[in-house]
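1. just coords:
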């Protein structure tokens, strides 16, 4: 391995360590307490080294949120491919989204700015809207199958996304006084009623 390749690999390793340290700190202390100094201490480098790789904390958060959206996108595609008809696909996609949110709370909070400022404002990537796009596609297919007006697909799919995201947000921000089973039951009933209404 040449000197240039070795340096490049070392840079990539430090960059990955910065992101991993930030994510680990967020899991133990929360996103609000994250700082460049804490990240630098965790990887045993000085703060200026972190700034060599990322302009500021916001840039680190944005990179981590991108990874979260990418992981979610892969999970949603897997769920979609398990079913042939749009009704079952829609149910599977919503369930996968719900499960991802609660298995990966730190990612979800960062991705959607729950209890904090949303990172990467205005810097949209394709994966950011994959859940909404998949809901729309299923909704459109169901509406077409039922002979209803396909012009309603956009409005209807947005309403479902809002309901799902709203239930998750309520659970994450007020999990002490609302039973998890109640919200999951509400979610299942909402999706079933949504499919029936198309």
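-> Received the coordinates, thanks. Keep in mind that this is a model prediction, so the values were computed, not measured.
2. where in this structure is pLDDT low?
-> 1, 115-125, 175-180 (pLDDT under 70).
3. identify the single longest helix in the protein, thanks.
-> helix 3-29 (DSSP state H).
4. which elements pack onto it?
-> Other elements packing on helix 3-29 under the criterion 3 or more CB pairs under 8 Å, 6 or more residues apart in numbering; DSSP states H and E are helix 36-43, helix 47-53, helix 57-81, helix 105-112. C-betas here are computed from N, CA, C, even on glycine.
5. the longest one vs helix 36-43, what angle?
-> Interaxial angle of helix 57-81 relative to helix 36-43 (axes from the mean of the first three to the mean of the last three CA atoms, to 10 degrees): 70 degrees.
6. can you give the distance of helix 57-81 from its chain's centre?
-> Offset of helix 57-81 from its chain centre (CA atoms, centre = their mean, to the nearest Å): 5 Å.
7. kindly report the domain assignment for the chain.
-> 1-54, 61-197 (the TED database).
8. hmm, back to that, can you redo the helices and strands packed on helix 3-29 as TSV with mean neighbour count?
-> TSV is the format used below for these (neighbours: other CB atoms under 10 Å):
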stretch	mean neighbour count
helix 36-43	16
helix 47-53	15
helix 57-81	18
helix 105-112	21
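9. nearest to residue 192, of those helices?
-> Taking CB to CB, helix 57-81 is the member of the helices and strands packed on helix 3-29 nearest to residue 192, at 17.1 Å.
10. which strands and helices lie in contact with that closest one?
-> helix 3-29, helix 86-103, helix 105-112, helix 130-146.
11. give me that answer again for 10 Å
-> Packing partners of helix 57-81 (3 or more CB pairs under 10 Å, 6 or more residues apart in numbering; DSSP states H and E): helix 3-29, helix 36-43, helix 47-53, helix 86-103, helix 105-112, helix 130-146.
12. okay, the ones you listed in TSV with distance to residue 184 next?
-> As requested, the helices and strands packed on helix 57-81 are exported to TSV (distance: least, CB to CB, whole Å):
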stretch	distance to residue 184
helix 3-29	24
helix 36-43	35
helix 47-53	40
helix 86-103	7
helix 105-112	15
helix 130-146	18
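13. surely residue 144 touches residue 152?
-> No: between residue 144 and residue 152 there is no contact under CB atoms under 10 Å: 11.1 Å.
14. show me whatever sits in contact with both of the two.
-> Residues touching both residue 144 and residue 152 (CB atoms under 10 Å, 6 or more residues apart in numbering): residue 198.
15. tell me which of the domains of the chain sits most buried.
-> The highest mean neighbour count among the domains of the chain, using mean count of other CB atoms under 10 Å, belongs to domain 61-197: a mean of 16.
16. show me how far it is from its chain's centre.
-> Remark: domain 61-197 is offset 9 Å from the chain centroid, using CA atoms, centre = their mean.
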